[in-house]
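**Student:** Sequence and computational prediction follow.
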Amino acid sequence: MEGEIVLGALAPHPPHLVYAENPPENEPNAECGWEGLRWGYHRLAKKLSTIDYDAIVIFSPHWQTYIGTHFLGLPHFESLSVDPVFPNLFRYSYSIDVDVDLAEAMATEASDAGMVTRMMQNPDFRIDYGTIVSCHMVNPNWSKPIVTISSQRSTHYYSAEVMGEQMHELGQACKRAIKASGKKVVLLSSNSLSHRHFVTESDVPEDMSKEHIYNHSQYLWDMRMIELMREGRTREMVQLMPEFTEQSIAETDAGGLSWLMSALDYPDYGADVHAYGTVIGTGNAIVEWDPRERATLQVSP
Amino acid sequence: MSDDSPIVMGIWGPPHPHPLLAPEKNEGWGKLRAAYDQLRERIEESDADVIIVYSTTWPSVIGHQVQCRENPEWTHVDDDFHALGSMPYSFKVDVDLANGIVEAGEKRGLHMRGVDYHGFPIDTGSIVALSLLNPDNKLPMTILSSNMYANRAETIVLGKATTDVLKAQGKKAVAVVVASLSNRMFTKHIEPEDDRIHSQKDDEWNRKILEFFAKGRLEDISQLSRDIHSQIRVQKVVAFKPAWWLASAMGQHNRYDGDVLAYEALHGSGGAVISLTPTKGSVGDKEFDEDDVEYYRGDRNVIDSDSTLEVSETASANSEVSDSSHTVPEGGIIETSAAPKAVGAYPHARRVGELLYLSGVGPRQAGTDEIPGGAIRTPDGIPQEYDIKAQTEACIANVKAILEASGASLSDVIDITSFLVDMERDFAGYNEVYAKHFTSVQATRTTLAITALPTPIAVEMKVIAKIG
């Protein structure tokens, strides 16, 4: 049977969200915080729990590589993840299973398409906190294996345009590999939208009286991109990506959202926006694309 | 400039793991390893008490972070070069020194955070340098992060905070910068024997920088940081700023014995192992272009941004706004983010002929509007105690910032009109601080008592300076 992508989602990774959830895996404790985003994640997680799928493939900006795209390549990782920026909020003990077959299939397909790839097979490697936050929020019991794809920093070496082209190819390669695998797969792009943030932290991190978008122009850009998602105009959104990335210092510089859109064949159906909110001034949206929406559209009179 | 730095040796070394994990696989990697080994022996022979690392592979975004955990232990794997192997470490930290740097940084206006968490991920560059330079923990150490957004002023102040603590605690240190020179790597996998500097251009720039290092010209390299960044640095997470920290910590001059022990390629980037030892000789000091800074006042910006000057929306059609060269054209106006925002439709300064007219300047802080020494009344209008000396210091600092943004300085001031809201209470304190800054300038001055100012401050100054 042919494999398929059963769901795609924009799933940002501020560690603040896990911190505010107070799961047993995370050492620090919070009183509250960022409820709008967390409740949005709860809705997405609930949706995911109703879907039959085999694995989650996540593209993470916090596994940064300069020599090609890397894939997790061992079946199990277990350790402690401490956020290097917010160690006060995120010290998470994880135990993660990896779908190595799927990872190898995607790496091979991308390599055959001319991309530089590498499997990460060092057992001491620590999983990046972006992967952990996004995966925890969509599937807190870690019931499915994952694959993390690194963010090759083409934006830094070349430009956001080159990054976009490479992510288009990577997305297509992953889609082909998933189809050939016979598996049902959920894709996550783990990134914020606008990413200019405050450079100081309040004494109580979850003090929501301090939380707001960094500036109005970022908000306008975020809304512009989200409206295009909601209206199913994702090709237009991807075309705008270099300008958006530059104008709002967006975390789309990592390439994840472009990769996701390519793998989903640039949805022309409306996305479900579960939440939009800010974390230390950055703009974060939890957005879901359900390919069955396309099927519904195609059979409509 | 200072000749009494407690830094007995400065070291510059590359962050890549190859000299640690695979020195035998490439002759150049082996030479870098041998150079690190040589410096390890020199450290052991020195009278240093501690090692302080400033690492460009430890980026931070919320201020600067300092490693404060007594015995950080872990096994680290590099994000890119994981196939080379794992890097187990068990380091010994000088906790008193580390906490002292946090406090000293805060006193100098920096946002600081001490890091004392089990499992906190120490970065590849720090692990490589410390494993090779101090493998048996003969000296305790600490590590400073490189803030992504910090510009020169912030990084210089961090260097000064570092030496504040060393002096206060009576310790001598080896200061280690972990950074590449050119940082462009090959974007594909290469065999070790094929490693070389990525481009001829990068190689030529690296060699030019190494000439400066070999002559002990650290302050010159510090002042060339922006040029180096724009010429041979890919805009990765952290820009080229470590020379600012090292030069600041070591005394801001060029009087060092420089020794370039090795310069080799590391997957295309330029890796050099260098030592700098204070000396009376060397090339000496001539003229430095950039101003010194003692206290961080919130002028954080990214390294490759343009000047702090901003175009005024109120500029008239025939007015020109000054550019990054800090020369104000005739009729030009000045607005700078280094001074508090105006409370009305007026610029910070305007040039007419050879004179520069400043709008009234108070003590509010740029960016935050905080008032050093406290506001004279609460938001409810209830009078409260305040420190006129602190307000006057801040007021003069703002005047200085506007003058410098205009290409002038305090020594160019020719006339001052000061306004005090409580002459009887405040004149003596105000006059004392004023004398400290303006006795040598001998500007004419008028001091007036007034009923109130638009914000809850006690002092404001109106300044005229000569320019051009």
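**Tutor:** Good, I have the coordinates. For clarity, every value in this text was computed on a predicted model and none was experimentally measured.

**Student:** lowest-confidence helix or strand of chain B?
**Tutor:** Of all regular secondary-structure elements in chain B, judged by mean pLDDT, DSSP states H and E, the least confident is strand B:333-334 with a mean of 82.

**Student:** ok, and for whichever helix or strand comes after that strand, which residues are buried?
**Tutor:** Next in sequence after strand B:333-334, counting helices and strands by DSSP states H and E, comes strand B:349-352. Within strand B:349-352, the residues scored as buried using 16 or more other CB atoms under 10 Å in any protein chain shown are B:Ala349, B:Arg350, B:Arg351. (C-beta placed from N, C-alpha, C; glycine too.)

**Student:** neighbouring strands for strand B:349-352, and are they parallel or not?
**Tutor:** When sheet partners are counted by DSSP bridges, strand B:349-352 sits next to strand B:333-334 (antiparallel), strand B:355-358 (antiparallel).

**Student:** Need the winner for burial among those.
**Tutor:** The highest mean neighbour count among those, using mean count of other CB atoms under 10 Å in any protein chain shown, belongs to strand B:333-334: a mean of 25.

**Student:** Touching, A:Tyr94 and A:Ser81? I think so.
**Tutor:** Yes. Counting by CB atoms under 8 Å, A:Tyr94 touches A:Ser81, with 5.8 Å between them.

**Student:** quick one: which of those two has more around it?
**Tutor:** A:Ser81 (25 against 19; other CB atoms under 10 Å in any protein chain shown).

**Student:** A helix includes that one, no?
**Tutor:** No. Counting by DSSP: H, G, I helix; E, B strand; the rest coil, A:Ser81 is not found in a helix; it is strand.

**Student:** For stretch B:62-72, report the contacting residues that lie outside it.
**Tutor:** The contact list for stretch B:62-72 (CB atoms under 8 Å, 6 or more residues apart in numbering or on different chains) reads A:85-86, A:199-201, B:58, B:89-93, B:95, B:98-99, B:101-102, B:105, B:110-118, B:120, B:122, B:142-147, B:150, B:158.

**Student:** Can you flag which of these belong to helices?
**Tutor:** B:Val95, B:Ala98, B:Asn99, B:Ile101, B:Val102, B:Gly105, B:Leu158 (DSSP state H).

**Student:** Do I have it right that the fifth one meets B:Arg113?
**Tutor:** Yes. Counting by CB under 8 Å, B:Val102 sits close enough to B:Arg113 to count as a contact (7.1 Å).

**Student:** so where do the helices sit in the stretch 101-250 of chain A?
**Tutor:** Using DSSP state H, counting those that start in this stretch, the helices found in the stretch 101-250 of chain A span residues A:129-138, A:154-157, A:160-181, A:216-230, A:234-247.

**Student:** In the last one, which residues are buried?
**Tutor:** Just to be clear, that refers to helix A:234-247. For helix A:234-247, by 16+ other CB under 10 Å, it's A:Thr234, A:Met237, A:Val238, A:Leu240, A:Met241, A:Pro242, A:Phe244, A:Thr245.

**Student:** In CSV, could you pull the C-alpha coordinates for the next helix or strand after that helix?
**Tutor:** Sequence order places helix A:256-263 as the next helix or strand after helix A:234-247, per DSSP H and E. Extracted in CSV, the C-alpha atoms of helix A:256-263 (Å, rounded to 0.1, in the frame of the first residue of the first chain):
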residue,chain,number,x,y,z
GLY,A,256,11.0,24.2,7.9
LEU,A,257,7.8,25.8,6.7
SER,A,258,9.0,25.8,3.1
TRP,A,259,9.8,22.1,3.4
LEU,A,260,6.4,21.4,4.9
MET,A,261,4.6,23.2,2.1
SER,A,262,6.5,21.4,-0.5
ALA,A,263,5.9,18.0,1.1
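
**Student:** so who does A:Tyr129 touch?
**Tutor:** Residues counted as contacts of A:Tyr129 (CB under 8 Å, 6+ apart) are A:His13, A:Pro15, A:His62, A:Ser81, A:Val82, A:Asp83, A:Phe90, A:Tyr92.

**Student:** Dump those into a markdown table; add distance to chain B and pLDDT as well.
**Tutor:** Below are the contacts of A:Tyr129 laid out as a markdown table (distance: CB to the nearest CB, whole Å; pLDDT from 0 to 100):
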| residue | distance to chain B | pLDDT |
| --- | --- | --- |
| A:His13 | 14 | 97 |
| A:Pro15 | 12 | 98 |
| A:His62 | 9 | 95 |
| A:Ser81 | 8 | 98 |
| A:Val82 | 5 | 98 |
| A:Asp83 | 9 | 96 |
| A:Phe90 | 10 | 98 |
| A:Tyr92 | 10 | 98 |
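
**Student:** Pull the most distant pair out of these.
**Tutor:** Maximum pairwise distance in the contacts of A:Tyr129, criterion CB to CB, is 14.7 Å, between A:His13 and A:Val82.

**Student:** Have a look at those two and say which one is more surrounded.
**Tutor:** Under the criterion of other CB under 10 Å, the comparison of A:His13 against A:Val82 puts A:His13 first, with 29 against 23.

**Student:** measure that one to A:Asp272 for me?
**Tutor:** Note on A:His13: its distance to A:Asp272, by CB to CB, to the nearest Å, is 19 Å.

**Student:** For chain A, what lies in contact range of chain B?
**Tutor:** Residues of chain A lying close to chain B (CB under 8 Å from any CB of the partner chain) are A:63-68, A:70, A:79-82, A:84-88, A:91, A:116, A:118, A:120-122, A:124-126, A:150, A:152-153, A:156-157, A:197, A:199-201.

**Student:** about what we covered before: return every residue with contacts to both of A:Tyr94 and A:Ser81.
**Tutor:** Counting by CB under 8 Å, 6+ apart, the contacts common to A:Tyr94 and A:Ser81 are A:Ile127, A:Ile132.

**Student:** Could you grab the helix/strand/coil label for B:Ile51?
**Tutor:** When classified by three-state DSSP, B:Ile51 comes out as strand.

**Student:** Could you tell me how far stretch B:368-381 lies from the centre of the chain?
**Tutor:** Between the centre of stretch B:368-381 and the centre of its chain there are 29 Å (CA atoms, centre = their mean, to the nearest Å).

**Student:** Sticking with B:Thr447, tell me its helix or strand.
**Tutor:** Element membership of B:Thr447 [criterion: DSSP H and E] is strand B:444-449.
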